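Trainee: From the sequence below, what's the structure:
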Amino acid sequence: MTYLNLVNGVLRRLREDEVSNVSESTYSKMVGDYVNDAKDLVETAWDWSPLRNTLTITTSNGDNLYSLTGSRNEGKVLNFINDTSNCLVEYQTQNWFDDKDFIQEAVTGSPKYFTYAGVDGSGDTQVKLYPTPDQAYTLKVRVVLRNVALSADADTLAIPSGPVLHMAIALLSREEVRQAVHLLLNTLRLLISICLMRLLWMPRSTQKRQSSTHRRIGYGTALTQH
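Mentor: The predicted structure is shown next:
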């Protein structure tokens, strides 16, 4: 489903007019923002098969830092395999790597462990390997790569559209309820302010007449009761 189809799907369910492009109005742009918010939430809720990819890293002698190209620091590693040595490359914490890097003696060989090491200049996730490779090894990294935000009308959604569509409707409905409550509270504050101002600025003669009237009514009521 395209970005434009998703936006129009949300608009129809909210009884709004469809648009010919996402940027047609301020409201349709806002719906587009909520569609992307919903997409991000749904993509991170499950390791969807359409988002699964295999990245290849070819190591070089003496270099233990590599980028997961295309991950944009939003990917998730499912499996890390040393295809040359036919073994898994297991995750270890940064503290574990600090011990190996700064306390113990340097070791080279076939990589058996990895940890995350920030991002590179392109914003892609970097991984550090241990032992430091002593030759060229082929590493296969099974990852889930989240899609970039939808922007063009013809951009397509890789994951199922149903969850994204209904999540966007829920997010937008919540925002509209919040705005309605905010408007109601502001209206109540205004009414209370008007009432207080009328009481404060009411002429004294009017206040006395009202007070006298209240006393007469109270006295008459008391006589009636007796």
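
Trainee: Report the helix of this structure that spans the greatest number of residues.
Mentor: In terms of residue count, the longest helix belonging to the chain (DSSP state H) is helix 161-201.

Trainee: from the chain's centre, how far out does that helix sit?
Mentor: 23 Å (CA atoms, centre = their mean, to the nearest Å).

Trainee: Quick check: which helices or strands does that helix pack against?
Mentor: helix 3-13, helix 26-45 (3 or more CB pairs under 8 Å, 6 or more residues apart in numbering; DSSP states H and E). For glycine as for every other residue, the C-beta is placed from the backbone atoms N, C-alpha and C.

Trainee: deepest of the ones you listed, which one?
Mentor: Mean neighbour count, computed with mean count of other CB atoms under 10 Å, is highest for helix 3-13 among these, reaching a mean of 20.

Trainee: Can I get it in CSV, CA atoms only?
Mentor: Taking Å, rounded to 0.1, in the frame of the first residue of the first chain, the C-alpha atoms of helix 3-13 are listed here in CSV:
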residue,chain,number,x,y,z
TYR,A,3,1.8,6.4,1.4
LEU,A,4,-1.1,8.2,-0.3
ASN,A,5,-3.4,5.2,0.0
LEU,A,6,-2.6,4.9,3.7
VAL,A,7,-3.4,8.6,4.3
ASN,A,8,-6.6,8.4,2.4
GLY,A,9,-7.6,5.2,4.2
VAL,A,10,-7.2,7.1,7.5
LEU,A,11,-9.2,10.1,6.2
ARG,A,12,-12.1,8.0,5.0
ARG,A,13,-12.4,6.2,8.4
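
Trainee: ok, residues contacting it?
Mentor: The contact list for helix 3-13, computed with CB atoms under 8 Å, 6 or more residues apart in numbering, reads 1, 17-19, 21-22, 28, 31-32, 34-35, 150-157, 161, 164-165, 168-169, 172.

Trainee: Once you drop chain neighbours, what's closest to Ala149?
Mentor: Residue nearest to Ala149 in three dimensions, not counting chain neighbours: Asn36, with 4.7 Å by CB to CB, 6 or more residues apart in numbering.

Trainee: Could you do Gln92 as well?
Mentor: When the adjacent residues along the chain are set aside, Gln92 lies closest to Tyr113, with 4.6 Å between them (CB to CB, 6+ apart).

Trainee: so where is this protein shaky, pLDDT-wise?
Mentor: Residue ranges of the chain with pLDDT under 70: 176-182, 202-226.

Trainee: In the record's domain split, what are the boundaries for it?
Mentor: Domains of the chain are assigned by automatic domain parsing as 1-48+159-203, 51-144.

Trainee: rewinding a little: the residue nearest to Gln92: how many residues sit nearby?
Mentor: Tyr113 sits with 17 neighbouring residues when counted by other CB atoms under 10 Å.

Trainee: you'd agree Thr56 is in a strand?
Mentor: Yes. Judged by DSSP: H, G, I helix; E, B strand; the rest coil, Thr56 forms part of a strand.

Trainee: Is it in contact with Leu139, as I believe?
Mentor: Yes. Using CB atoms under 8 Å, Thr56 makes contact with Leu139 at a distance of 7.1 Å.

Trainee: Look at those two and report which has more neighbours.
Mentor: Neighbours were counted for Thr56 and for Leu139 using other CB under 10 Å; Leu139 has more, 22 against 10.
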